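**Student:** no FASTA, just this:
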């Protein structure tokens, strides 16, 4: 069975009961936009029992490859939502990148040099596949209602919700939402409807994207050229995609005419200069883009929340756009769920804005620096860049200055108000606010990876070593599941630990290669409290129920 042509799919408009209701319908969450961020938000909420209406003014998924680089962290989020494996199976996995200056390689880097991770550093996958897989997963969720050809034309926030006015082919209607999540892209109609805008920097440069179908023996790596002989004084980026499609980005310069640049007679010579005059290929898709680094001042406006490109936008170098948007969705979903369930105050949603605005600033900083290095705007800047590239061939110190795009990494919420500060000494990266690292484990039901243990709730991991915890500790751990905000306790043991006397319903996994304890700097007795979005909330060297209770209050905004 071949792949579905998601670019050709069209979704019929359907009239919904809300449109003819005598009283205005009210929904817990309305998501605007059925792109990767909107669908991820809806899926995450739906899997936690929240009913979601998704409105989209179109009747199709995206066309053209658009965003293609999806990071390890994004795949881990999609794993939890049931689509990660499908993305990985179709995508082209890669860890290695190469940087060239003129006709010589100056640096090779590996983004995932250590073993023991389920997912690669990145996959390349056309956005229409990512959207298609998310759409098919959403269609199977009874808690998600997708409404195509439903255009939002009015947004009226109030203290306890939002009134949304919608145009359809059969006329207008309105509904109410407890929360409205705008995932409607960089031009965000919702943002304009509430009188907000983004601020930042527009870069005076243009790039040509060409998707080329061909058979080539290039490896699955990220190749970036500065001032290559086939495109002098500019830069070029090459990526492999599925289906023998290759993404090529050509820097054009600010003065390039975007209308003329996409004409085949102007595109084909550029591609032949790179591939050779006898190369056989087909041009699948071509576009010209100008990029910006900007964001809204705040991502929360009462009961209206912004995620993805509607909240923040970056240049494509570093693959920080779609990946950051998916991480917005994961950060937001569990907080809305707790608020809607009455398990947390509405002020918990303020931490979404604080944490993801911090992440956006980090992405904008890295993206701006990369763009300045790739497209220098003065002779001095170009001389500095070229000197760095020449030195990088032989001197490791210079390689840290080479910037062809600092590739996407998850943000660490080091200053989050939800963190419980350390009171014990720890080494390593797993500090409060950091995203949990994966490692191979063995568990019931064929569990093979640590992150698959961490579902959509809070988890308390107790590292036991070769001895099970005392009975009173086991009882205290079991009681956590009955707390106001339930916590799932998990014992992490060595292979030789005998847990046969532990309650059958007390989950445990075996740290099969010792990598989990190593990555978490854990010794017997160490405890980690992990949030529903798999970020570390707190850690201790010994289990103390009162400390855990205090930390969960803080992590849910009840401190």
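**Tutor:** Structure received. None of the values given here were measured: they were computed from a predicted structure.

**Student:** Look up phi and psi at the closest residue to residue 452 other than its chain neighbours.
**Tutor:** Spatial nearest neighbour of residue 452, chain neighbours left out: residue 79 (6.9 Å); criterion: C-beta to C-beta, 6 or more residues apart in numbering. C-beta here means a position set from N, CA and C on the backbone, and glycine is covered the same way. Backbone geometry at residue 79, expressed as degrees, to the nearest 10, gives phi -60, psi -50.

**Student:** For residue 79, which residues are in contact?
**Tutor:** 85, 118-119, 451-452 (C-beta atoms under 8 Å, 6 or more residues apart in numbering).

**Student:** If residue 509 is in a bridge, with which residues?
**Tutor:** Beta-bridge pairing for residue 509 (DSSP bridges): residue 443, residue 492.

**Student:** what's the pLDDT at it?
**Tutor:** Here, the pLDDT recorded for residue 509 equals 96.

**Student:** Please report how far it lies from residue 16.
**Tutor:** Applying C-beta to C-beta, to the nearest Å, the value for residue 509 to residue 16 is 44 Å.

**Student:** okay, those two: which has more neighbours?
**Tutor:** A count of neighbours by other C-beta atoms under 10 Å puts residue 509 above the other of residue 509 and residue 16, at 23 against 17.

**Student:** give me every residue that touches that one.
**Tutor:** Contacts of residue 509 (C-beta under 8 Å, 6+ apart): 441-443, 447, 450, 453, 490-493.

**Student:** hmm, 10 Å instead?
**Tutor:** 439-444, 447-450, 452-453, 461, 490-493, 516 (C-beta atoms under 10 Å, 6 or more residues apart in numbering).

**Student:** residue ranges of the helices in this protein, please?
**Tutor:** 36-47, 72-80, 84-90, 127-139, 189-193, 258-261, 264-275, 321-340, 348-374, 379-392, 396-399, 471-479, 515-519, 545-555 (DSSP state H).

**Student:** Make TSV out of these and add distance to residue 282 and mean pLDDT.
**Tutor:** Formatted as TSV, the helices of the chain follow (distance: least, C-beta to C-beta, whole Å; pLDDT from 0 to 100):
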stretch	distance to residue 282	mean pLDDT
helix 36-47	26	98
helix 72-80	29	97
helix 84-90	20	97
helix 127-139	17	97
helix 189-193	36	98
helix 258-261	19	94
helix 264-275	10	95
helix 321-340	26	96
helix 348-374	28	93
helix 379-392	33	95
helix 396-399	36	92
helix 471-479	59	94
helix 515-519	44	97
helix 545-555	52	97
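
**Student:** Could you count how many residues lie near residue 260?
**Tutor:** When counting by other C-beta under 10 Å, one arrives at 10 neighbours for residue 260.

**Student:** and residue 274, how many neighbours does it have?
**Tutor:** 18.

**Student:** so residue 112 touches residue 121, yeah?
**Tutor:** Yes: Residue 112 is within contact range of residue 121, at 4.2 Å (criterion: C-beta atoms under 10 Å).

**Student:** Identify the contacts common to the two.
**Tutor:** 72, 93-96.

**Student:** Pick the one among those closest to residue 303.
**Tutor:** residue 72 (33.1 Å; C-beta to C-beta).

**Student:** In contact with that closest one: list those residues for me.
**Tutor:** Applying C-beta under 10 Å, 6+ apart, the residues contacting residue 72 are 93, 95, 111-112, 117-123, 323, 408-410, 438.

**Student:** Over to residue 497?
**Tutor:** Contacts of residue 497 (C-beta under 10 Å, 6+ apart): 464-468, 491, 508, 510-511, 524.

**Student:** Strands of the stretch 451-559 of the chain, start to end?
**Tutor:** Under the criterion DSSP state E, counting those that start in this stretch, strands of the stretch 451-559 of the chain are mapped to 458-465, 487-493, 507-510, 527-530, 536-540.

**Student:** Any chance of a markdown table for those, columns distance to residue 359?
**Tutor:** Putting the strands of the stretch 451-559 of the chain into a markdown table (distance: least, C-beta to C-beta, whole Å) gives the following:
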| stretch | distance to residue 359 |
| --- | --- |
| strand 458-465 | 21 |
| strand 487-493 | 25 |
| strand 507-510 | 29 |
| strand 527-530 | 18 |
| strand 536-540 | 16 |
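
**Student:** For residue 89, which of those strands is the nearest?
**Tutor:** strand 507-510 (24.8 Å).

**Student:** helices or strands up against the lowest-mean-pLDDT helix or strand in the chain?
**Tutor:** One helix or strand of the chain scores below all others by mean pLDDT, DSSP states H and E: strand 198-202, with a mean of 90. When contacts are defined as 3 or more C-beta pairs under 10 Å, 6 or more residues apart in numbering; DSSP states H and E, strand 198-202 packs onto strand 292-296, strand 312-313, helix 348-374.

**Student:** hmm, try it at 8 Å
**Tutor:** strand 292-296, strand 312-313 (3 or more C-beta pairs under 8 Å, 6 or more residues apart in numbering; DSSP states H and E).

**Student:** Tell me which of those is the most buried.
**Tutor:** Scoring these by mean neighbour count under mean count of other C-beta atoms under 10 Å gives strand 312-313 as the most buried, with a mean of 28.

**Student:** Can I get the buried part of the contacts of residue 72 as one PyMOL selection?
**Tutor:** If you want just the buried ones from the contacts of residue 72 in PyMOL, going by 16 or more other C-beta atoms under 10 Å, the selection is:
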select buried, resi 93+95+111+117+118+119+120+121+122+123+323+408+409+410+438
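
**Student:** In strands, which of the contacts of residue 72 appear?
**Tutor:** The strands, defined by DSSP state E, take in 93, 122-123 from those.

**Student:** Pick the one among the residues you listed closest to residue 296.
**Tutor:** residue 122 (27.3 Å).

**Student:** give me the beta-bridge partners of the closest one?
**Tutor:** Applying DSSP bridges, one finds that residue 122 bridges with residue 71, residue 94.

**Student:** quick revisit: nearest to residue 364, of the contacts of residue 79?
**Tutor:** Nearest member of the contacts of residue 79 to residue 364, counting by C-beta to C-beta, is residue 119, at 25.5 Å.

**Student:** and the residue nearest to residue 556 when sequence neighbours are not counted, how far is that from residue 548?
**Tutor:** Distances taken as C-beta to C-beta, 6+ apart put residue 344 closest to residue 556, at 4.4 Å, once the chain neighbours are dropped. Taking C-beta to C-beta as the measure, residue 344 falls 17 Å from residue 548.

**Student:** How about residue 191: what's its closest non-neighbour residue?
**Tutor:** The shortest distance from residue 191 to any non-neighbouring residue, by C-beta to C-beta, 6+ apart, is to residue 310 (5.8 Å).

**Student:** closest to residue 314 out of the strands of the stretch 451-559 of the chain?
**Tutor:** It's strand 536-540; of these, that one is closest to residue 314 (C-beta to C-beta) at 25.6 Å.

**Student:** What pairs with that closest one, parallel or antiparallel?
**Tutor:** strand 527-530 (antiparallel).

**Student:** how far does the strand it pairs with sit from the chain's center?
**Tutor:** Centroid separation between strand 527-530 and its chain, computed with C-alpha atoms, centre = their mean, to the nearest Å, is 23 Å.

**Student:** So residue 258 versus residue 247, what's the distance?
**Tutor:** Counting by C-beta to C-beta - residue 258 and residue 247 are separated by 18 Å.

**Student:** again with residue 20
**Tutor:** 46 Å.

**Student:** Residue 539 now?
**Tutor:** 41 Å.

**Student:** Cool, thanks, signing off.
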